[in-house]
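K.L.:
Structure for the following, please:
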Amino acid sequence: MSPHPVIAIAGLACENSTFTPSRTLAPAFHPKRGDEIIKHYSFLHSGTDIGDAAEWRGALIGHSLPGGIVTRDAFEEFAGEIISRLKQMPALDGLWFDIHGAMYVDGLEDIESELLRRVRSAIGPDVIVSASMDLHGNVSRELAHQTDLITCYRMAPHEDALDTKERACRNLVELLSQRPRGSRPLKAWIPIPILLPGEQTSTRDEPAKHIYAAVPGVEATGGVLDAAIWVGYAWADEWRNRAIIMVTGWEKDAVAAGAEKLAKLFWEARGDFHFVAPTGSFKECLDTALASKARPYFISDSGDNPTAGGSGDVTWGLTQLLARPEFKDASGPKVIYASVPGAEAIKDAVDAGVGAIVTVTAGAEVDNIHAGPITMTGQVHAIKHGDQHAVVEVVLQVGSVFAILTKLRKPYHKERDFTELDLSPRSADIVIVKIGYLEPELYNMAKDWMLGLTPGGVDQDLKRLGHSRIRRPMWPFDTDFASEPDLKARFIPLSNEALDGPDE
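P.N.:
Reported below is the predicted structural model:
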């Protein structure tokens with residue numbers, strides 16, 4: 001018998017817009033199994049305090065780029081394999097549930113809870129489960145019930161993603177080694193009727209900055225194990241989507257007080273949330289960038305952001321850009337546009353080679369709601385093979401615009417994403433990326449920027465999308481509340497107890 005607790009690792013992570021027509025298939029999850037999982041997370045390696053504190057056993061994890069709804073077949077394939085692998089393991093003491101929290105599967109509700117329900121059927125009710133999540137995930141009452149420990153990122157952009165996963169594992173190891181036998185921590189859960197996009201809740205800016213800054217203080221309170229705030233996921237139309245506070249620990253009064261403090265901070269700041277940068281229509285963004293002396297000037301083509309759930313192949317932004325007279329000639333302001341997928345366009349450009357003049361058609365193969373495929377004639381500037389997401393990338397120079405085309409959709413977050421394509425974003429006049437708030441490297445590179453309120457499956461204008469299933473009233477969909485929401489802590493039954501009553 002192992003002197004250390006035996007802990008399994010399993011989970012599926014994706015962020016899925018229900019307003020995006022694309023579908024997420026099994027290959028998008030890039031699954032890892034067994035020892036691949038241990039190797040993937042350096043804090044689990046032999047010689048680390050967490051790695052040496054338990055016998056870690058990987059089942060299966062899958063992390064997909066955000067996108068449209070996950071197909072039922074893809075989910076059932078991975079869920080079935082997870083259960084099969086868990087059943088083959090020795091008796092477990094713990095499970096690290098490695099998830100995102102905003103996955104949506106065709107035909108199923110509250111999917112992280114559904115997956116954990118199936119996992120529980122394989123591992124039993126006595127196994128301690130610790131979940132790590134994105135702060136843009138959703139914590140239903142049922143998910144809160146089935147977990148014993150649960151935490152999420154405290155930074156947006158998510159510079160603390162690995163820290164959060166490590167914290168979930170550390171909390172689990174410490175709980176298994178220190179708790180009185182058979183005991184489980186208390187769990188306070190508070191839903192808040194607020195649903196905002198990440199571009200209004202970045203922890204770089206107020207009010208999210210001071211709200212999240214209060215989390216470590218609550219966590220440091222005697223009798224508290226962990227404190228967490230979920231903003232929720234704004235681009236899925238389902239009943240569980242809203243902000244959530246959870247605090248876990250041993251002292252009921254301390255746990256409740258900490259949860260209520262964070263909930264009050266969030267609710268009282270509801271009217272102070274704002275976009276992380278100046279906003280405008282795409283035309284207004286381009287006009288402002290051209291008039292500015294700041295270089296490079298970044299513009300977020302936010303409505304089709306592939307890291308928020310956009311299809312990534314909306315051509316609306318690139319169509320508008322290439323129609324502008326300022327960029328018709330190669331001597332015009334240098335613009336980089338990332339990106340539009342088009343497998344046939346990529347093939348034609350690769351066949352022609354760097355330096356060739358080609359006419360290609362790309363985009364709108366999936367999401368043609370706002371614009372159709374775009375046909376361009378330009379010179380092949382660069383070709384790159386082997387990217388994890390794009391597979392193949394081509395840069396096509398059309399006038400003074402350097403448009404990045406991809407075989408499959410890809411987010412552009414790092415400087416090397418551009419320099420490896422023989423592009424220098426620092427020397428460009430304007431850089432346009434399909435993104436919401438700028439990721440750290442882009443943010444540090446930009447001399448100025450605007451958030452373009454462009455159409456797509458992750459439109460920043462939430463009311464324009466047409467939610468019909470979220471709970472109402474919900475800020476900012478509703479601004480007049482008949483009464484103040486109940487922000488008192490609800491104590492969730494332990495995972496090995498029955499969950500009584502309807503979901504709130």
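
K.L.:
Might you report the residue contacts of residue 261?
P.N.:
The contact partners of residue 261, taken as CB atoms under 8 Å, 6 or more residues apart in numbering, are 214, 218. For every residue, glycine as well, the C-beta is placed using N, CA and C.

K.L.:
Low-confidence ranges, the chain, go.
P.N.:
Counting by pLDDT under 70, the chain has low-confidence residues at 1-2.

K.L.:
Give me the distance between the residue nearest to residue 366 when sequence neighbours are not counted and residue 367.
P.N.:
Of all residues not flanking residue 366 in the chain, residue 22 sits nearest, at 4.5 Å (CB to CB, 6 or more residues apart in numbering). Per CB to CB, to the nearest Å, residue 22 is found 6 Å from residue 367.

K.L.:
joint contacts of these two?
P.N.:
Counting by CB under 8 Å, 6+ apart, the residues touching both residue 22 and residue 367 are 311, 313, 457.

K.L.:
among those residues, which ones are buried?
P.N.:
Those of the shared contacts of residue 22 and residue 367 that meet the buried threshold are 311, 313, 457, by 16 or more other CB atoms under 10 Å.

K.L.:
need those in TSV with secondary structure and distance to residue 440, can you?
P.N.:
Output for those, formatted as TSV (DSSP: H, G, I helix; E, B strand; the rest coil; distance: CB to CB, whole Å):
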residue	secondary structure	distance to residue 440
311	coil	25
313	coil	26
457	coil	25
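
K.L.:
Could you dump those residues into a markdown table and include distance to residue 481?
P.N.:
Below are those laid out as a markdown table (distance: CB to CB, whole Å):
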| residue | distance to residue 481 |
| --- | --- |
| 311 | 35 |
| 313 | 39 |
| 457 | 29 |
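
K.L.:
out of residue 22 and residue 367, which sits in the busier spot?
P.N.:
Each of residue 22 and residue 367 has its neighbours counted (other CB atoms under 10 Å); residue 367 has more, 24 against 21.

K.L.:
about what we covered before: enumerate every residue touching the residue nearest to residue 366.
P.N.:
Applying CB under 8 Å, 6+ apart, we find residue 22 in contact with 67, 68, 311, 312, 313, 366, 367, 457.

K.L.:
For the stretch 51-200 of the chain, just list every one of the helices.
P.N.:
Remark: helices assigned in the stretch 51-200 of the chain by DSSP state H, counting those that start in this stretch are 72-87, 111-123, 141-146, 161-178.

K.L.:
Any idea which of those helices gets closest to residue 394?
P.N.:
Counting by CB to CB, residue 394 lies closest to helix 72-87 out of the helices of the stretch 51-200 of the chain; the figure is 28.3 Å.

K.L.:
Quick check, residue 421 in contact with residue 390.
P.N.:
No. Using CB atoms under 8 Å, residue 421 is not in contact with residue 390, being 10.1 Å away.

K.L.:
Can you tell me which of the buried ones among the shared contacts of residue 22 and residue 367 comes closest to residue 491?
P.N.:
Using CB to CB, these come closest to residue 491 at residue 457, 37.3 Å.

K.L.:
Which residue, neighbours along the chain excluded, lies closest to the closest one?
P.N.:
In space, residue 457 is closest to residue 20, 3.0 Å off (CB to CB, 6+ apart).

K.L.:
which phi and psi does the one you found have?
P.N.:
Backbone geometry at residue 20, expressed as degrees, to the nearest 10, gives phi -110, psi 130.

K.L.:
do residue 283 as well
P.N.:
In terms of degrees, to the nearest 10, the main-chain angles of residue 283 are phi -60, psi -50.

K.L.:
Assign a three-state SS to residue 317, would you?
P.N.:
Three-state assignment for residue 317 (DSSP: H, G, I helix; E, B strand; the rest coil): helix.

K.L.:
For it, list the residues it contacts.
P.N.:
Residue 317 touches 282, 301, 304, 337, 432, 434, 452, 454, counting by CB under 8 Å, 6+ apart.

K.L.:
how is the protein carved up into domains?
P.N.:
Annotated domains of the chain cover 6-274+487-491, 279-459 [automatic domain parsing].

K.L.:
Same list (the ones you listed) but as JSON lines, adding distance to residue 478.
P.N.:
What follows is the domains of the chain, written out as JSON lines (distance: least, CB to CB, whole Å):
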{"stretch": "domain 6-274+487-491", "distance to residue 478": "8"}
{"stretch": "domain 279-459", "distance to residue 478": "19"}
